[in-house]
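Student: need a 3D model of the following:
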Amino acid sequence: MNYKQHAQNYALFFENLNKDLDINDYKIIFAEDIYFEDPFQKINDLSSLIRIFNHMYQTLEEPSFNVTEIITKDNIAYLRWIFKYKTSRESKEYELFIGVSRVEFSSKGKVISHIDYWDSGVNIYEKIPLLKYIIKYIKNKLKA
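Tutor: Okay, here's the model as predicted:
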């Protein structure tokens, strides 16, 4: 089994992710009982994963992923990526953040687990006006 090739195919899938994909496009890549986890949710099925992606396209403008590194060992891959998006159509500048995904493939090459690691504090919470000041205060208190 060429898991390195599966990881590269998965990276291409993410880089070409778009709102027009249908369930059959996802079924090519993901197992029906896909486990997905990020800082906000944990799900165990393909329909929930599709809802997450649809929500991303409903709430953000021009979201996209750029996979910058892939490391594989057996049926596990780590993908480092840059996520780029605008918060509204009026936004002139893109927001960017970096994350890493741990991806596990089945013996058939389908993704059975995808766990995202990224800093929700810096990338989300610190951009909310009231929370930004509270978090900054706490960080300053914790500094050596």
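
Student: G109 - that's part of a strand, no?
Tutor: No - under DSSP: H, G, I helix; E, B strand; the rest coil, G109 sits outside any strand and is assigned coil.

Student: apart from its neighbours in sequence, what residue is nearest it?
Tutor: Spatial nearest neighbour of G109, excluding adjacent residues (C-beta to C-beta, 6 or more residues apart in numbering): H6 at 4.6 Å. (Each C-beta comes from the backbone N, C-alpha and C, glycine too.)

Student: show me where this structure has its strands.
Tutor: For the chain, applying DSSP state E gives strands covering 30-38, 41-43, 61-73, 76-86, 95-105, 111-117.

Student: now render these as CSV, adding mean pLDDT and distance to K136.
Tutor: Below are these laid out as CSV (pLDDT from 0 to 100; distance: least, C-beta to C-beta, whole Å):
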stretch, mean pLDDT, distance to K136
strand 30-38, 97, 24
strand 41-43, 96, 26
strand 61-73, 97, 27
strand 76-86, 96, 23
strand 95-105, 95, 18
strand 111-117, 97, 23
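
Student: centroid residue for the chain?
Tutor: D116 (5.8 Å; C-alpha atoms, centre = their mean).

Student: the closest residue to that one other than its chain neighbours: neighbouring residues, count only.
Tutor: Excluding its sequence neighbours, the residue lying closest to D116 (C-beta to C-beta, 6+ apart) is D38, at 4.0 Å. Using other C-beta atoms under 10 Å, D38 is surrounded by 16 other residues.

Student: against Y3, how distant is D38?
Tutor: 22 Å (C-beta to C-beta, to the nearest Å).

Student: out of the strands of the chain, nearest to L131?
Tutor: strand 95-105 (16.0 Å; C-beta to C-beta).
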